[in-house]
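Asker: Below are the sequence and a predicted model; questions follow.
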Amino acid sequence: MANQREALFNAIAAYASNIENLPALLPAVEKIAQKHTSFQIQPGTVQHRR
């Protein structure tokens, strides 16, 4: 779980740093999408914690 938290934090930081340069985010977004696809994660699969 710690690795997932760190990955999420790093993704959010990268998005915030490049919000004015969205094309720079494309490789990271594609990698995340491929990873989710390989795990067959579908919308609604992930439960949110509060």
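Answerer: Sure thing, it's come through. Please read these numbers as outputs of a predicted model, since none were measured by experiment.

Asker: Check the gap between the most centrally placed residue in the chain and residue 39 for me.
Answerer: Among the residues of the chain, the one closest to the centroid is residue 32, at 5.1 Å (Cα atoms, centre = their mean). The gap separating residue 32 from residue 39 is 11 Å, by Cβ to Cβ, to the nearest Å. C-beta coordinates here come from the backbone N, C-alpha and C atoms, glycine included.

Asker: I'd like the distance between residue 7 and residue 30.
Answerer: Taking Cβ to Cβ, one finds residue 7 at 15 Å from residue 30.

Asker: and what of residue 10?
Answerer: 16 Å.

Asker: can you check residue 13 too?
Answerer: 18 Å.

Asker: which regions of this structure lie under the pLDDT threshold?
Answerer: Counting by pLDDT under 70, the chain has low-confidence residues at 1-2, 48-50.
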